[in-house]
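Asks: Test case, fold it:
(2 chains)
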Protein chains: 2
Amino acid sequence: MSRFLTHHAAALPSTVPFTGPETLERRQGRAFRARLGANESLFGPSPRALAAMQAAAAEVWKYADPENHDLKQALARHHGCKPENIVVGGGIDTMLGLLCRLTLEPGTPVVTSLGAYPTFNFHVAGYGGALTRVPYAGRHEDPAALLAAAGAQTARLLYLANPDNPMGSHHPGRVIEDLVANLPPETLLLLDEAYADLAPPEAIPAIAADHPQVIRFRTFSKGYGMAGARVGYAIAEPGLALAFDKVRDHFGMGRIGQIGALEALRDQDWLAQIRRNIEAGRDRMGRIARANGLEPLPSATNFVTIDTGRDGDFARAVLAGCQERGLFIRMPGVAPLDRCLRISLGPEAALDVVEEILPQALRAAGG
Amino acid sequence: MSRFLTHHAAALPSTVPFTGPETLERRQGRAFRARLGANESLFGPSPRALAAMQAAAAEVWKYADPENHDLKQALARHHGCKPENIVVGGGIDTMLGLLCRLTLEPGTPVVTSLGAYPTFNFHVAGYGGALTRVPYAGRHEDPAALLAAAGAQTARLLYLANPDNPMGSHHPGRVIEDLVANLPPETLLLLDEAYADLAPPEAIPAIAADHPQVIRFRTFSKGYGMAGARVGYAIAEPGLALAFDKVRDHFGMGRIGQIGALEALRDQDWLAQIRRNIEAGRDRMGRIARANGLEPLPSATNFVTIDTGRDGDFARAVLAGCQERGLFIRMPGVAPLDRCLRISLGPEAALDVVEEILPQALRAAGG
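Replies: Numbers count the residues shown, from 1 in each chain, chains lettered A, B, ... in the order given. So this is what the prediction gives:
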């Protein structure tokens, strides 16, 4: 341990939110046959976006536009808001960190769900926030309980993902709207909409971009199939949006991703096709789960969470069995959600691998 | 201003370290004829790296390896150290921010040079550090004065760039080695070697990667011509290097840049060619400067700093005149360095634009 670390930094754990599939492949000494653990889009990016990125690579000697001007303009048009409502950043993970930095001091109360996105928790801990975790209500995050906790804790931030990861569930937009209407005045809702592009339209709440108590996060990593390009964005009232300029890495955006995202946004036909691919994938993943005596949970995302009907030890054994047989999947990290497996969707060939390996892993786990 | 900001965040200025050339182009309503202000490499990336990036774009649906394993292994071989000495991140700017986060609390003393890299100052202010700025000794950062200030302030961090930006000067490696040998025990030297790949070999100090009081920063943005790919790295003792895992964005690296950097590192012949191109560019820029009655300062970088022999107001007028005529350049931000202009090197066609526009701008400024 370096003696130059702050006390706070020295005390932070070295655990990481997720182990990457490459690390698992190195440990196992071979590549996975199907990479369905990180909710990446195996359908890839729009061919138009891909062509734009390949062309942009030749100009990668240039820094990206630090204002993200063209992308902000296009996103504002896409969402029917002002460019001043948009913050562009290197993926939602990065932007969660920036928001925590802007809003949290040691001990600032924050509320999330027990089992929700761990990278948010990583950033809250990183800035010393005091995190309260509210249990899910079955397969859903529990808006009433989250609101109650936010009020009881006088929370500065309330995290909610809709659609939800890791359960794949969603609340209708009107439920989120009700939650917003009842936020304690001290609380900012951090609405993680990473999967919104793949959700049914009724899942998307109508919230004014200028609402002073809501910041929404979107990404090009999921529906748009550009996880490795690192482009995410937030929609917030201009006062909050502008505050990111105080702390963000102004020249930190990759130029190739910035240009690719702009073209991806223009190719909404591709996104519509991806939505159809995902729907077909959900159907097939449902059949695979049921054929193995497991329950596929309804999904508004590009993954299906499968309830094993057993406990976390069983699900972990199945997951390990899948991984050692060449199928990379993940699962919720905490009980009681950890009775489930979370499998990303993809083309037929990838789901063929699930169909082949899942029953083997279930048998090996004594299922 | 959002009411959810911390007091510290609310008090931070909204000023940004640099205005991007795209912003200036939008203001002027037309593109620059030559982009020589950001020390980008107009010679571009290695063709092998470009091919690797274009191939990687097709797999941009995958997140990058969060461990940066292959790149760390290759960098360790390149520098003759252990992979545990290497931290990979999204450019030096990002990594400066992470180091400040790991080491600074409000009021922690930090020492740099007056006029040195402003993005470092941006991060120091962002984390509340108390910055002392030591004047340059002529065209050079002043090691003895920096050491004295670090001792007097009990500085946690001492920033030094070698070669230097914005002056392009360098100290011989042995001067840096002497500085390291005399560091106060409370001080970590942050040695910014962004331009090291373009410097004479004697500018590079011999410092053990495991030295507990030094962290060196390198980048693929300058010599390797990949500024828009966002890949930098640090070399430090393993205890400090590992600490970055506590706060870094583990899935924040772009996949295309990660893969491109690995190939760029393998193509050292390209880098050698770039060094020859830069040397030729320095010679020509020197001739252009002298033909205009200005003094080109010796450069160990991919830019030449030109002393106008007048004051900051004059240099700012010349800079404005260059920009409005289509030549993007920059200049040091504070006196007395602001008597100079800083012009990046590039191929002949770009220097032709300098040769054409610089005398016009000088005349217009009354030079």
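
Asks: Double-check that A:Gly168 belongs to a strand.
Replies: No. Inclusion of A:Gly168 in a strand is not indicated when DSSP: H, G, I helix; E, B strand; the rest coil is applied; the result is coil.

Asks: In chain A, where's the longest helix?
Replies: Assignment by DSSP state H gives helix A:268-291 as the longest helix of chain A.

Asks: pLDDT of the helix or strand just after it, averaged?
Replies: Sequence order places strand A:295-296 as the next helix or strand after helix A:268-291, per DSSP states H and E. On average, the pLDDT along strand A:295-296 is 98.

Asks: now what about strand A:295-296, what contacts it?
Replies: A:Arg282, A:Met285, A:Gly286, A:Ala289, A:Arg290, A:Val304, A:Thr305, A:Ile306, A:Asp307, A:Gly309 (Cβ atoms under 8 Å, 6 or more residues apart in numbering or on different chains). Just so you know, the C-beta spots here come from the backbone N, C-alpha and C atoms, and that holds for glycine as well.

Asks: Which helix or strand contains the last one?
Replies: What it means is A:Gly309. Residue-wise, A:Gly309 maps onto no helix or strand under DSSP H and E.

Asks: could you list every residue that touches it?
Replies: A:Gly293, A:Leu294, A:Glu295, A:Arg339.

Asks: same check, this time on the third one
Replies: A:Gly286 is in contact with A:Pro296, A:Val304, counting by Cβ under 8 Å, 6+ apart.

Asks: and it, what pLDDT?
Replies: A:Gly286 is given a pLDDT of 98.

Asks: can you give me the strands for the stretch 151-300 of chain A?
Replies: Secondary structure of the stretch 151-300 of chain A (DSSP state E, counting those that start in this stretch): strands located at A:157-161, A:188-192, A:214-219, A:232-235, A:295-296.

Asks: Turn those strands into JSON lines, including mean neighbour count and distance to B:Thr94.
Replies: Formatted as JSON lines, the strands of the stretch 151-300 of chain A follow (neighbours: other Cβ atoms under 10 Å in any protein chain shown; distance: least, Cβ to Cβ, whole Å):
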{"stretch": "strand A:157-161", "mean neighbour count": "26", "distance to B:Thr94": "23"}
{"stretch": "strand A:188-192", "mean neighbour count": "24", "distance to B:Thr94": "22"}
{"stretch": "strand A:214-219", "mean neighbour count": "25", "distance to B:Thr94": "19"}
{"stretch": "strand A:232-235", "mean neighbour count": "24", "distance to B:Thr94": "15"}
{"stretch": "strand A:295-296", "mean neighbour count": "16", "distance to B:Thr94": "40"}
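
Asks: for those strands, which one sits closest to B:Val231?
Replies: Nearest to B:Val231 among the strands of the stretch 151-300 of chain A is strand A:232-235; the distance by Cβ to Cβ comes to 19.1 Å.

Asks: Show the average pLDDT along that closest one.
Replies: 98.

Asks: other SSEs contacting that strand?
Replies: helix A:69-79, strand A:86-89, helix A:91-103, strand A:214-219 (3 or more Cβ pairs under 8 Å, 6 or more residues apart in numbering or on different chains; DSSP states H and E).

Asks: what does the stretch 201-350 of chain A put close to chain B?
Replies: By Cβ under 8 Å from any Cβ of the partner chain, the part of the stretch 201-350 of chain A that sits against chain B consists of A:212, A:221, A:225-230, A:236-237, A:239-240, A:242-243, A:245-247, A:249-257, A:260.

Asks: 6 Å instead, please
Replies: Proximity of the stretch 201-350 of chain A to chain B is confined to A:225-230, A:239-240, A:243, A:245-247, A:249-252, A:254-256 under the rule Cβ under 6 Å from any Cβ of the partner chain.

Asks: if you look at the residues you listed, which of them are in helices?
Replies: A:Gly239, A:Leu240, A:Ala243, A:Arg255, A:Ile256.

Asks: Out of those, the closest to chain B would be?
Replies: Using Cβ to the nearest Cβ, A:Arg255 comes nearest to chain B of these, at 2.9 Å.

Asks: show me the contacts for the closest one.
Replies: A:Val60, A:Lys62, A:Ala64, B:Gly228 (Cβ atoms under 6 Å, 6 or more residues apart in numbering or on different chains).

Asks: Can you tell me the closest non-neighbouring residue to it?
Replies: B:Gly228 (2.9 Å; Cβ to Cβ, 6 or more residues apart in numbering or on different chains).

Asks: Tell me where the stretch 1-150 of chain A has strands.
Replies: A:34-35, A:86-89, A:109-113, A:130-134.

Asks: Nearest to B:Leu24, out of those?
Replies: Closest among the strands of the stretch 1-150 of chain A, using Cβ to Cβ: strand A:86-89, at 19.3 Å.

Asks: Which secondary structure elements does the closest one sit against?
Replies: Here strand A:86-89 touches helix A:69-79, strand A:232-235, going by 3 or more Cβ pairs under 6 Å, 6 or more residues apart in numbering or on different chains; DSSP states H and E.

Asks: what's next to the last one, contact-wise?
Replies: To tie it back to what came earlier, the one meant is strand A:232-235. With Cβ under 6 Å, 6+ apart, strand A:232-235 has contacts from A:75, A:85-89, A:91-92, A:95, A:209, A:215-219.

Asks: Which of the helices and strands packed on strand A:86-89 has the highest mean neighbour count?
Replies: Greatest average neighbour count among the helices and strands packed on strand A:86-89 goes to strand A:232-235 (a mean of 24), per mean count of other Cβ atoms under 10 Å in any protein chain shown.
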